[in-house]
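Student: How does the following fold in three dimensions:
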Amino acid sequence: MKKSTISIFILCALSLFISCGDEKKSSAKKANETNSTKAKENKVETITSVVLYDGTPFYSENADGKMVYADEAPLGETIRIYVKNNSIEQKEAIRLLSSGKEETFNFVHVAYFDKDYWTRDIFITNDAALTAGCITAQALTYSSPDGSSATSKKIEAGTLVAVNESSKTRDTDLDIEFVEITYYSGAAFGKRIYVKSDLVSTNSADIVALQTIAKMKSNENLNPDVKTQLIDSLNSLPVSSYVADIISDL
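Tutor: Here you go, the predicted structure:
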């Protein structure tokens, strides 16, 4: 089952039963969704991107060319980046907040569920080789695919990251296979490090399940009947044993 199909199924259930909790934000989102333009057919050149920051905001340009909030995406979500003249389509623009405050940032042109948006480059990846993944056990990080390059930083189990599966490299001296991951670091397009490859899952069902579980846990007023329905839906997904254990504890 493709992630997009799973995402739509779970997110539809969430949208039916879980309140957004912020009336102003919801109103602004609906207004901007109405004005957002469906991804143009002539803009076919795109590369895959992964959202690195939970609640990554997407913006639409207003008549003055300023970026106004329109939507958002969860950590681990797959989106598309437009490519123009063999380069990622990006530009510097002003972000306009509802308070009237204006700030200038670098924005990247993206497509999400067939709609055109712009988002800040610090929240997404820019490498088509990367795919969403999750850490399945606390993982020590390495600066290179070498057992002697261990750092003091650890990534907790359940963390969603971007994974470059084609980067898998074995340290033959220690017989350890490493894989490169990218995570949000506040810098443009994230930070790249290495972890042991057996501590990473790129099962798309795992990603969607973890996104859904995070949403459920953040909603303190979730109806018990709705929670039961969502858990039943999660149990129907082809998740790994690691995520299955998390679901069983809900």
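
Student: Assign a three-state SS to the closest residue to Leu250 other than its chain neighbours, would you?
Tutor: Of all residues beyond its chain neighbours, the one nearest Leu250 is Ile231 (5.4 Å), with distances taken as C-beta to C-beta, 6 or more residues apart in numbering. C-betas here are computed from N, CA, C, even on glycine. Counting by DSSP: H, G, I helix; E, B strand; the rest coil, the backbone at Ile231 sits in helix.

Student: Three-state assignment for Asp245, please.
Tutor: Of the three states, Asp245 takes helix under three-state DSSP.

Student: Low-confidence ranges, the chain, go.
Tutor: For the chain, the stretches with pLDDT under 70 are 1-44.

Student: who touches the most far-flung residue of the chain relative to its centre in this structure?
Tutor: Note on the chain: the largest C-alpha distance from the chain mean falls to Asp173, namely 34.9 Å (C-alpha atoms, centre = their mean). Asp173 makes contacts with Gly147, as judged by C-beta atoms under 8 Å, 6 or more residues apart in numbering.

Student: my guess is it is in a strand, correct?
Tutor: No: with three-state DSSP as the criterion, Asp173 is coil rather than part of a strand.

Student: Quick check on it: phi, psi?
Tutor: Dihedral angles phi and psi of Asp173 (degrees, to the nearest 10) take the values phi -70, psi -40.

Student: still on that earlier bit, test my guess that the residue nearest to Leu250 contacts Asp249.
Tutor: No: Ile231 is beyond contact range of Asp249, at 10.5 Å (criterion: C-beta atoms under 8 Å).

Student: Quick check on the two: which one has the bigger neighbour count.
Tutor: Remark: of Ile231 and Asp249, Ile231 carries more neighbours, 16 against 6, as counted by other C-beta atoms under 10 Å.

Student: Quick check: the more buried one vs Ser204, distance?
Tutor: Applying C-beta to C-beta, to the nearest Å, the value for Ile231 to Ser204 is 19 Å.

Student: Can you show me the helices along this protein?
Tutor: 3-17, 23-35, 204-218, 224-235, 241-248 (DSSP state H).

Student: Would you mark the buried spots in the last one?
Tutor: Think helix 241-248. Residues of helix 241-248 classed as buried: Tyr242, Val243, Ile246, Ile247 (neighbour count, 16 or more other C-beta atoms under 10 Å).
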